[in-house]
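# My questions concern the predicted model and sequence given below.
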Amino acid sequence: MLKIIIDKAIPHSSLFDPQHYQLQPLSAEQITAQACRLADGLVVRSVTPVNEALIANSRIRWVASATIGTDHLDTEFLDANNIAWTAAPGCNALAVVQYVLSVIAWRASMQNCSITDYRIGIIGCGQIGGRLQQALDLLQCKSFVCDPILQQQGKLANHYELLEVAEQADILTLHTPLTRTGEFATYHALDANFFASLATNKLIINAARGDIIVESALIDWLQRGGSACLDVWPNEPNISAELLDLVSLGTGHIAGYSWQGKRNATAMIAQACDEFFGIHRQRDLLAKSTHRDMVVEASENLSAVLLKSYPIDRDAAAFTNAVAPREPLSFMQYRDHYQLRHDYSGQDWRQTQFEALRKAFAKLV
């Protein structure tokens, strides 16, 4: 039987076939080099760096991250040592789209306008940004996309440079990976020069990676009157008290934390595990459920429905109350104890006039 170490905070681990795998659930702190020594596979969250120090002296042949990102995996080391690795791209994309649309709806409610009045700038148009663009099209919102890699590959019909998006959009939302090398590295891409050119009547949403933004430049811009909603933070989980006080909405890296997204991630990883180790099963782990876990009650307008679907302001208040700046443990505990919400695919809007829209959101690919 194959031994797989899995972070015990990853839900739906029963999707791994118990006839073929012996799962050893461990906390992130317990996933050490010693613990990994006799394992065949390793499944982690983004809080666990997987590198030579962790697994060089183990028999691990397969590593998986139950998240969309891989910046915590030393892929060069893994490739050089013939250790297969995988992640779950797109697993929680719909939850992040839900998060962003709720922020936009919250902004509209604060400014007493319609969400269709806003022009939205999407920085990064991959798994999440691409779905967000589709959702905005369904809502008939004007969007501007900046993704130089997709543009270089000829995959974008219309492309705008970063500063063009900053000028044209009312709301800018970030959906890039964190990369430190290459022509289009995203580390500190939004720096002092960027914020110097950004009008302070804009809103920035960051649900990507905190270190895409230079913290001091963002703080200066916010002090001059800008607005931000941050789900990810510079130097996370050691977040700045000053920045926390300045943001309009702040949450703790939970934009993708839906029940459906978590199940998708584990299903994708379990299926990849089967494929790598040559396990054949009849069951389709990725089959979509038709069960609806949350009923959204009737509301008078779309913004209200979006905010009932996911009340971002409630989560922001809970985060502010739960997290102490410069105390990383409180940030991590907030994430570990966050109550998963239901994204659009697990909701029922039939009491509203927008059920057809919810169904369209749920089918975004």
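In hand now; what should we look at?
# Look at the nearest residue in space to Q127 that is not next to it in sequence and report its pLDDT.
Leaving out its chain neighbours, the residue that sits closest to Q127 by C-beta to C-beta, 6 or more residues apart in numbering is G90, at 4.0 Å. Yep, even glycine has a C-beta here, placed from its N, CA and C like the rest. Looking at G90, its pLDDT is 93.
# Any chance of the backbone angles for G90?
Here is the backbone geometry of G90 (degrees, to the nearest 10): phi 80, psi 0.
# tally of neighbours for it?
20 (other C-beta atoms under 10 Å).
# ok, now the one 5 residues further on?
For A95, the number of neighbouring residues by other C-beta under 10 Å comes to 29.
# Tell me who's in contact with it.
A255, G256, Y257, S258, Q260, G261, R341, D343 (C-beta atoms under 8 Å, 6 or more residues apart in numbering).
# One more pass at 10 Å, please.
With contact set as C-beta atoms under 10 Å, 6 or more residues apart in numbering, A95 has these partners: 128, 207, 254-262, 264, 310, 340-346.
# Then V232?
So V232 contacts 174, 178, 206-213, 239, 251-255 (C-beta under 10 Å, 6+ apart).
# So the residue nearest to Q127 sits against G129, correct?
No - G90 is beyond contact range of G129, at 11.2 Å (criterion: C-beta atoms under 10 Å).
# any shared contact partners between those two?
V96.
# pLDDT weak spots in this structure?
The model of the chain has pLDDT under 70 over residues 282-283, 286-292.
# Would you agree I6 is in contact with I31?
Yes - between I6 and I31 there is a contact at 9.2 Å, judged by C-beta under 10 Å.
# overlap in contacts of the two?
Joint contacts of I6 and I31 (C-beta under 10 Å, 6+ apart) are Q24, A39, L42, V43, V44, R45.
# give me the number of residues near the fourth one?
By the criterion of other C-beta under 10 Å, V43 has 28 neighbours.
# hey, C-alpha coordinates of whichever strand or helix holds it in CSV?
Element membership of V43, judged by DSSP states H and E, is strand 41-44. This file holds the C-alpha atoms of strand 41-44, laid out as CSV (Å, rounded to 0.1, in the frame of the first residue of the first chain):
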residue,chain,number,x,y,z
GLY,A,41,3.7,10.9,-1.9
LEU,A,42,3.1,14.3,-0.3
VAL,A,43,0.0,16.6,-0.5
VAL,A,44,0.4,20.1,1.0
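# In the sheet, which strands lie alongside that strand, parallel or antiparallel?
Note on strand 41-44: by DSSP bridges, its sheet partners are strand 2-7 (parallel), strand 62-65 (parallel).
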